[in-house]
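>>> Give the three-dimensional model of this entry:
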Amino acid sequence: MTTLFRRIKPYSFPITLDLIAKFLHIPKSLLVRAECWAYVLFVHRCDKGGQFISYRKLAMWIEAVVSLIKKSTTLEDLWQMGLWIKQECEKFDYDKPVLEYLRRVWAKHRDYLRDLQQGSDATT
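A predicted model of the protein is given here:
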């Protein structure tokens, strides 16, 4: 389990069958139920039986990572968050657009924190 996973706790996400059906691009009627396991979702389907879905593929996961980035209050915290995200991306398969999105959010927040720091340095 990665540090990022422990911080986000995705097994507590409010995941509905509607959300899963939308993610899988299938009608909700094909879903029987979903079980939130410690590391993955297990979806029972009428057409295929069971299917595993990584929490990391859900939009909720990406937005939780973005939220953690934006909650970083110092550059040191943000650098640590960047290291956790890097470790996560090396260990798990992330789509290129997701990685680029996370990089943009991280860089924008870095610039924001630098501006804050430079502003406070100027007043001292």
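>>> hey, let's count contacts and neighbours off CA atoms from now on
OK.
>>> lowest-pLDDT helix or strand in the protein?
Taking mean pLDDT, DSSP states H and E as the measure, the helix or strand of the chain with the lowest value is helix 96-123, at a mean of 90.
>>> Burial check on the closest residue to Thr74 other than its chain neighbours, number of neighbours?
Closest residue in space to Thr74, ignoring its immediate chain neighbours: Leu113 at 6.6 Å, by Cα to Cα, 6 or more residues apart in numbering. The local packing of Leu113 (other Cα atoms under 10 Å) involves 18 other residues.
>>> next one: Ala59
Count around Ala59 with other Cα under 10 Å applied: 13.
>>> the helices in this protein, which residues?
For the chain, the helices defined by DSSP state H occupy 3-8, 17-24, 59-71, 75-91, 96-123.
>>> Identify each buried residue in the shortest one, please.
Within helix 3-8, the residues that count as buried by 16 or more other Cα atoms under 10 Å are 4-5.
>>> try the fourth one
Buried residues in helix 75-91, counting neighbours by 16+ other Cα under 10 Å, are found at 75, 78, 81-82, 84-85, 88.
>>> pLDDT and distance to Lys9 for those - can I get that in JSON lines?
As requested, the buried residues of helix 75-91 are exported to JSON lines (pLDDT from 0 to 100; distance: Cα to Cα, whole Å):
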{"residue": "Leu75", "pLDDT": "96", "distance to Lys9": "24"}
{"residue": "Leu78", "pLDDT": "97", "distance to Lys9": "19"}
{"residue": "Met81", "pLDDT": "96", "distance to Lys9": "16"}
{"residue": "Gly82", "pLDDT": "96", "distance to Lys9": "18"}
{"residue": "Trp84", "pLDDT": "95", "distance to Lys9": "15"}
{"residue": "Ile85", "pLDDT": "94", "distance to Lys9": "15"}
{"residue": "Glu88", "pLDDT": "92", "distance to Lys9": "14"}
